[in-house]
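Q: Output the structure for:
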Amino acid sequence: MARYPRICLVFLDCLFITVSFLGCSVKEDRDRCPCHLELYFPEPPGEPVAIYAFAEGFSRSDTIPAGSAGYIVEVPRRDVSVNLYSPPELSSYEGMTIPYGQDCPPVMMASRKYDASCEFIRDTVRLRKNYCRLSLRLVLSDPSEPYPFSLTVRGEVCGYGRNALPLAGPFGFRMKPGEDKVCTVGLPRQRDDSLLLDIVSADGTLRTFALGEIMAASGYDWSLPDLEDCELVVDYSRTSVTFRTDYWSRTFSFEYFL
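A: Residues are numbered from 1 along each chain as shown. Next up is the predicted model:
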């Protein structure tokens, strides 16, 4: 009979150890245990992805390797925001800021908010194309002549804020066409049609065109989840500049400027 108390003691010791390892399953302790957030990428990213998870009193960042199918992070059991940027170079907890004089990199992004008051969340995430590659193809009456202008695109969005929405701030990028007579600029998602295009001639005369309105008139949509690239043909003569696409054309006299 003496062996039964010893068996009971061994059983209680084992039970105590088990409960210690499974502390997060004890009802009163669950709120102190993290939520496991699993992100699944149906289209594995081609470049590394910076991930920023943050909540009140909590922040965590990491870099997800290129080609990853998923990622798991522990977050507190409350409302949590998660932002992802690829490539990660210009990003931070505060978002992504484009230095004045540079254009927008080819950034792929995703932003989520979760109610993490549970043990486990699994979500499918697709990185979205959050930049427009604008090509300005320049046409001269005499193709052998060098293009007599430099071009500067200016705007009022300088990146993305902590909420992954367009960030208000000065944007400016200057371009000089090469032998192929093409200029390209990466544009962040815009809030309106306020983009401007400065054309500076060899003698220093500056003319400014409402590029945002020109893009809108040609049918460009800044609200698409994946921003499309855009090409405008800039047909220069001695008296005018014509902007056109395959479906649209608008000519401005050199007497017209903003």
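
Q: where do the strands sit along the stretch 1-150 of the chain?
A: 35-40, 49-55, 58-64, 70-75, 79-86, 91-92, 95-97, 108-115, 120-124, 128-129, 131-140, 149-160 (DSSP state E, counting those that start in this stretch).

Q: and Arg250, how many neighbours?
A: In terms of burial, Arg250 registers 15 neighbours under the definition other CB atoms under 10 Å. Every C-beta, even on glycine, is put in place using the N, C-alpha and C of the backbone.

Q: What segments of this structure are helices?
A: 3-21, 211-217 (DSSP state H).

Q: Least confident of those, on average?
A: Summarising mean pLDDT across the helices of the chain, the least confident stretch is helix 3-21, with a mean of 40.

Q: dump the residue contacts of Ile121.
A: Taking CB atoms under 8 Å, 6 or more residues apart in numbering, we find Ile121 in contact with 35-38, 114.

Q: For PyMOL, write a command that selects the buried ones of those.
A: When burial is assessed using 16 or more other CB atoms under 10 Å, the buried subset of the contacts of Ile121 is captured in PyMOL by this command:
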select buried, resi 35+37+114
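
Q: give me the low-pLDDT residue ranges for the stretch 51-200 of the chain?
A: Low-confidence segments of the stretch 51-200 of the chain (pLDDT under 70): 143.

Q: again, only using 80
A: Low-confidence regions of the stretch 51-200 of the chain, defined by pLDDT under 80, span residues 140-149, 178-179.

Q: Just send the strands of the stretch 1-150 of the chain back as a markdown table, with distance to Ser194 too.
A: Putting the strands of the stretch 1-150 of the chain into a markdown table (distance: least, CB to CB, whole Å) gives the following:
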| stretch | distance to Ser194 |
| --- | --- |
| strand 35-40 | 35 |
| strand 49-55 | 28 |
| strand 58-64 | 32 |
| strand 70-75 | 37 |
| strand 79-86 | 24 |
| strand 91-92 | 24 |
| strand 95-97 | 19 |
| strand 108-115 | 22 |
| strand 120-124 | 34 |
| strand 128-129 | 22 |
| strand 131-140 | 15 |
| strand 149-160 | 5 |
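
Q: What average pLDDT does stretch 246-258 get?
A: For stretch 246-258, mean pLDDT rounds to 63.

Q: sorry, back to before: indicate which one of the strands of the stretch 1-150 of the chain is closest to Pro166.
A: Among those, strand 149-160 comes nearest to Pro166, with 4.5 Å by CB to CB.

Q: I'd like to know which elements that closest one is packed against.
A: Using 3 or more CB pairs under 8 Å, 6 or more residues apart in numbering; DSSP states H and E, the elements in contact with strand 149-160 are strand 95-97, strand 166-175, strand 182-188, strand 196-201.

Q: strands paired with the third one, and their directions?
A: Partner strands for strand 182-188, per DSSP bridges, with pairing direction: strand 131-140 (antiparallel).

Q: In CSV, list the C-alpha atoms belonging to the strand it pairs with.
A: C-alpha atoms of strand 131-140 as CSV (Å, rounded to 0.1, in the frame of the first residue of the first chain):
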residue,chain,number,x,y,z
TYR,A,131,4.8,52.8,-58.0
CYS,A,132,4.3,54.0,-61.6
ARG,A,133,7.1,53.9,-64.0
LEU,A,134,6.5,56.9,-66.3
SER,A,135,8.3,57.0,-69.6
LEU,A,136,8.5,60.2,-71.5
ARG,A,137,9.4,59.4,-75.1
LEU,A,138,10.7,62.6,-76.9
VAL,A,139,10.2,63.3,-80.6
LEU,A,140,12.0,66.0,-82.5
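
Q: the inter-axis angle of it versus strand 166-175?
A: Using axes from the mean of the first three to the mean of the last three CA atoms, to 10 degrees, the interaxial angle of strand 131-140 with respect to strand 166-175 works out to 30 degrees.

Q: got the buried residues for strand 131-140?
A: Neighbour-count burial for strand 131-140 [16+ other CB under 10 Å]: 131-134, 136-138, 140.
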